[in-house]
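Participant: Could you work out the structure for the sequence below:
(chains A, B, C and D)
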Protein chains: 4
Amino acid sequence: MAEAPQAGPSIEQLNARLAKSPYNSWLGLAVTAIGADSIEMTAKWREEWVVNPAGGYTHGGILAALVDVVADYAIAAKNGAPVPTVDLRVDYHRAARGDMKCVGKLVRLGSQFTTAEAYVYDAGGALCASGRGTYFTAPPAPAPATKS
Amino acid sequence: MAEAPQAGPSIEQLNARLAKSPYNSWLGLAVTAIGADSIEMTAKWREEWVVNPAGGYTHGGILAALVDVVADYAIAAKNGAPVPTVDLRVDYHRAARGDMKCVGKLVRLGSQFTTAEAYVYDAGGALCASGRGTYFTAPPAPAPATKS
Amino acid sequence: MAEAPQAGPSIEQLNARLAKSPYNSWLGLAVTAIGADSIEMTAKWREEWVVNPAGGYTHGGILAALVDVVADYAIAAKNGAPVPTVDLRVDYHRAARGDMKCVGKLVRLGSQFTTAEAYVYDAGGALCASGRGTYFTAPPAPAPATKS
Amino acid sequence: MAEAPQAGPSIEQLNARLAKSPYNSWLGLAVTAIGADSIEMTAKWREEWVVNPAGGYTHGGILAALVDVVADYAIAAKNGAPVPTVDLRVDYHRAARGDMKCVGKLVRLGSQFTTAEAYVYDAGGALCASGRGTYFTAPPAPAPATKS
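Facilitator: Modelled structure (predicted):
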């Protein structure tokens, strides 16, 4: 952590990156604010998100994707770019509907792997899901053949 | 576990249920086989799944959705219907491309909570992701107002 | 959550409960502070905690126990008593030595299950482990025979 | 995976390693069998394991430790030695008492990260807990200063 105090990527740079990713774009993801070790993002509801037409609730797999991306973008806001997810835990707190507001936070930034978390709220501010993941923040290996 | 040996839902019944769910339908999910405590399903790739056009890899949020649904449908194959996901863990093993084949298994069927797991393979049979979740298999509460 | 603003258990009451539990007592656990939705606890190192004599580091299973108990006692500080753990996730951030300071927090208090988290620090304040669990906060079932 | 078919460590070698670890020794852990991608171990009950004297049940933190060690020793049986745990998930299936029998299995052996799982049974063969972890199987870094 001996880096000089660097300027991380801007909101515009992160949103440009999101826009180039087909699934992130399909989720309607946008960064709205960047904090010291945190990020705020929004996701735009679409009818394909629904798990069951009767309730109109959003599928848990959508909420899992939001937790994954938002935690990863908390890392991106610090380090410059999202990194591979090693594993993910998602807790479902209540049924979700409509657009989502998300907050991502670093739990512990490491040189090899990083723990980050995310909270997903509905438009009324109710916490619908949250979770944390392990992300692979190791620098590129010196020899290229480490990934089988 | 003292139930009479019951006939669970058929493949056709589970597929009809999947077809009514917008996101499960969007994922191209279909049940292909039902075992004693397991299920096999397939998911049909679409270009919106991609996380990054350069690699063409499937987004981790899609794989998380597959783990969630397939583990839940292992329960559905036993109990008749999918149930709410309490929480989910997903491990990412390798980058995924194309259609997916999935296997779901019961780890422990409980009266209140059930643990089920899922394995997601690419067309070549390589394991790309796996995970497990806690599912809420409690019978409907006697009083209706237990869900806040 | 329409309860009147109640006085939860005192630090002394929670410590008396910990003292009656053989393993919690063996871990040297004590509550030092109670917040609105949080708790602070300490754990007293013993040589049996060590995973490897060369490094003198604390075993990950000890840190997992601390995450489990401390998150559960954040619930106990609110609801009066610890409740069964449904599942647990623990992230290991750095090697730990010596006595530990722990902070537990409610993520989402539910009527049926509750998500709580915990952070485990060494004496120097470095975060060594953290995690979250699902706890079963349902009221006792009306009929006694729900546990198979 | 292009290694020559190597002879992994013997049961005696793994047990000698366990015996040198204070907490693994305190848990009474012993390897009883080694399979192709799996391991069987036993753990010897002691009264300090109890969470609550009334029920005599084993503390969840003990079961978490068993899941962690047994999954790790499935890796050790393959690679020669246990490796650092990155993160852990444990599911609690039923209250446990007495000595435990454990089975560890590789889910996916990787060059950098490995997923392994474990199942913990009581003497009667009932599954009491299970879980999986991410373990850090990367080769030692070329430069020594990568671990902060």
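Participant: Tell me the helix or strand right after the longest helix anywhere in chain A.
Facilitator: Using DSSP state H, we find that the single longest helix of chain A is helix A:60-79. Later in the chain than helix A:60-79, the nearest helix or strand by DSSP states H and E is strand A:85-92.
Participant: Any part of whichever helix or strand comes after that following strand near chain D?
Facilitator: Downstream of strand A:85-92, the first helix or strand assigned by DSSP H and E is strand A:100-108. No - Strand A:100-108 lies out of reach of chain D by CB under 8 Å from any CB of the partner chain, never closer than 10.3 Å. In this view, the C-beta of every residue, glycine as well, is placed from N, C-alpha and C.
Participant: Now strand A:100-108: average pLDDT?
Facilitator: Strand A:100-108 shows a mean pLDDT of 98.
Participant: got the angle for it vs helix A:60-79?
Facilitator: Angle, strand A:100-108 to helix A:60-79, by axes from the mean of the first three to the mean of the last three CA atoms, to 10 degrees: 50 degrees.
Participant: can you tell if the helix or strand just after strand A:100-108 touches chain B?
Facilitator: The helix or strand immediately downstream of strand A:100-108 is strand A:113-122, counting by DSSP H and E. No - Strand A:113-122 lies apart from chain B when judged by CB under 8 Å from any CB; the minimum separation is 11.7 Å.
Participant: does the next helix or strand after strand A:113-122 come close to chain C?
Facilitator: Downstream of strand A:113-122, the first helix or strand assigned by DSSP H and E is strand A:127-136. Yes - interface with chain C: strand A:127-136 contributes A:127, A:130, A:132, A:134 (CB under 8 Å from any CB).
Participant: CA atoms only for the longest helix of chain A, dumped as CSV, please.
Facilitator: Output of helix A:60-79 as CSV, limited to C-alpha atoms (Å, rounded to 0.1, in the frame of the first residue of the first chain):
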residue,chain,number,x,y,z
GLY,A,60,-32.4,-13.8,-7.2
GLY,A,61,-29.9,-14.3,-10.0
ILE,A,62,-30.3,-10.6,-11.0
LEU,A,63,-29.6,-9.6,-7.4
ALA,A,64,-26.6,-11.9,-7.3
ALA,A,65,-25.2,-10.2,-10.5
LEU,A,66,-25.7,-6.8,-8.9
VAL,A,67,-23.8,-7.9,-5.7
ASP,A,68,-21.0,-9.3,-7.9
VAL,A,69,-20.6,-6.2,-10.1
VAL,A,70,-21.1,-3.6,-7.5
ALA,A,71,-18.5,-5.2,-5.1
ASP,A,72,-16.1,-5.5,-8.0
TYR,A,73,-16.6,-1.9,-9.0
ALA,A,74,-15.7,-0.8,-5.5
ILE,A,75,-12.4,-2.4,-6.4
ALA,A,76,-12.4,-0.8,-9.8
ALA,A,77,-12.9,2.6,-8.3
LYS,A,78,-9.7,2.1,-6.2
ASN,A,79,-7.5,0.1,-8.6
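Participant: which ones among the residues of strand A:127-136 next to chain C come in contact with chain D?
Facilitator: A:Thr134.
Participant: so which of the residues of strand A:127-136 next to chain C would you say is closest to A:Gln112?
Facilitator: A:Thr134 (10.2 Å; CB to CB).
Participant: How about the contacts made by the closest one?
Facilitator: A:Thr134 makes contacts with A:85-88, A:113-115, C:91, D:86-87, D:134, as judged by CB atoms under 8 Å, 6 or more residues apart in numbering or on different chains.
Participant: And A:Val103, by the same measure?
Facilitator: By CB under 8 Å, 6+ apart, A:Val103 lies in contact with A:38-41, A:70, A:118-119, A:121.
Participant: Highest neighbour count among those?
Facilitator: A:Val70 (30 neighbours; other CB atoms under 10 Å in any protein chain shown).
Participant: Quick one: residues contacting that one.
Facilitator: A:39, A:41, A:102-104, A:118, A:120.
Participant: quick one: A:Leu106 from A:Leu66, how far?
Facilitator: 17 Å (CB to CB, to the nearest Å).
Participant: Looking at those two, which one has more neighbours?
Facilitator: Neighbour comparison, A:Leu106 and A:Leu66: the larger count goes to A:Leu66, with 29 against 22 (by other CB under 10 Å).
Participant: Identify the bridge partners of the spatially closest residue to that one that is not a sequence neighbour.
Facilitator: In space, and not counting its chain neighbours, A:Leu66 is closest to A:Val120: 5.1 Å by CB to CB, 6 or more residues apart in numbering or on different chains. For A:Val120, the beta-bridge assignment (DSSP bridges) gives partners A:Cys102, A:Ala129.
Participant: Could you verify my assumption that A:Val120 touches A:Cys128?
Facilitator: Yes - at 5.3 Å, A:Val120 and A:Cys128 qualify as touching, with contact defined as CB atoms under 8 Å.
Participant: more neighbours, the two?
Facilitator: A side-by-side neighbour count of A:Val120 and A:Cys128, using other CB under 10 Å, places A:Val120 first with 29 against 24.
Participant: can you pull the contacts of the nearest residue to A:Ala33 once chain neighbours are set aside?
Facilitator: The shortest distance from A:Ala33 to any non-neighbouring residue, by CB to CB, 6+ apart, is to A:Glu40 (4.0 Å). A:Glu40 sits next to A:31-34, A:101-104 when contact means CB under 8 Å, 6+ apart.
Participant: Over to A:Thr114?
Facilitator: A:75, A:83, A:106-108, A:134-135, A:137.
Participant: Report the separation between the most centrally placed residue in chain A and A:Ala16.
Facilitator: Nearest residue to the geometric centre of chain A (CA atoms, centre = their mean): A:Val70, 1.5 Å. Distance from A:Val70 to A:Ala16, counting by CB to CB: 17 Å.
Participant: Who are the packing partners of the lowest-mean-pLDDT helix or strand in chain A?
Facilitator: When the helices and strands of chain A are scored by mean pLDDT, DSSP states H and E, strand A:50-52 comes last with a mean of 95. Applying 3 or more CB pairs under 8 Å, 6 or more residues apart in numbering or on different chains; DSSP states H and E, one finds that strand A:50-52 contacts strand A:57-58, helix B:22-26.
Participant: Counting neighbours, what do you get for the closest residue to A:Met41 other than its chain neighbours?
Facilitator: Closest residue to A:Met41 apart from its sequence neighbours, by CB to CB, 6+ apart: A:Cys102 at 4.6 Å. Counted by other CB under 10 Å, the residues lying close to A:Cys102 total 27.
Participant: quick one: contacts for A:Cys102?
Facilitator: Contacts of A:Cys102 (CB under 8 Å, 6+ apart): A:40-43, A:66-67, A:70, A:118-121.
Participant: of all those residues, which comes closest to D:Arg97?
Facilitator: The closest of those, once distances to D:Arg97 are taken by CB to CB, is A:Val67, at 36.4 Å.
Participant: From B:Gly35, how far out is that closest one?
Facilitator: Distance from A:Val67 to B:Gly35, counting by CB to CB: 31 Å.
Participant: the more surrounded of the two?
Facilitator: Shown here are A:Val67 and B:Gly35; by other CB under 10 Å, A:Val67 has more neighbours (29 against 13).
Participant: The more buried one and A:Ala118 touch, don't they?
Facilitator: Yes - counting by CB under 8 Å, A:Ala118 is a contact partner of A:Val67 at 4.5 Å.
Participant: Spell out which residues are contacts of both of the two.
Facilitator: In contact with both A:Val67 and A:Ala118: A:102, A:130-132, using CB under 8 Å, 6+ apart.
Participant: Columns distance to A:Trp26 on top of those, output as JSON lines?
Facilitator: Shown next, in JSON lines, are these (distance: CB to CB, whole Å):
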{"residue": "A:Cys102", "distance to A:Trp26": "16"}
{"residue": "A:Ser130", "distance to A:Trp26": "22"}
{"residue": "A:Gly131", "distance to A:Trp26": "20"}
{"residue": "A:Arg132", "distance to A:Trp26": "24"}
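Participant: which of these tops the neighbour count?
Facilitator: Ranked by neighbour count (other CB under 10 Å), the shared contacts of A:Val67 and A:Ala118 have A:Gly131 at the top, with 30 neighbours.
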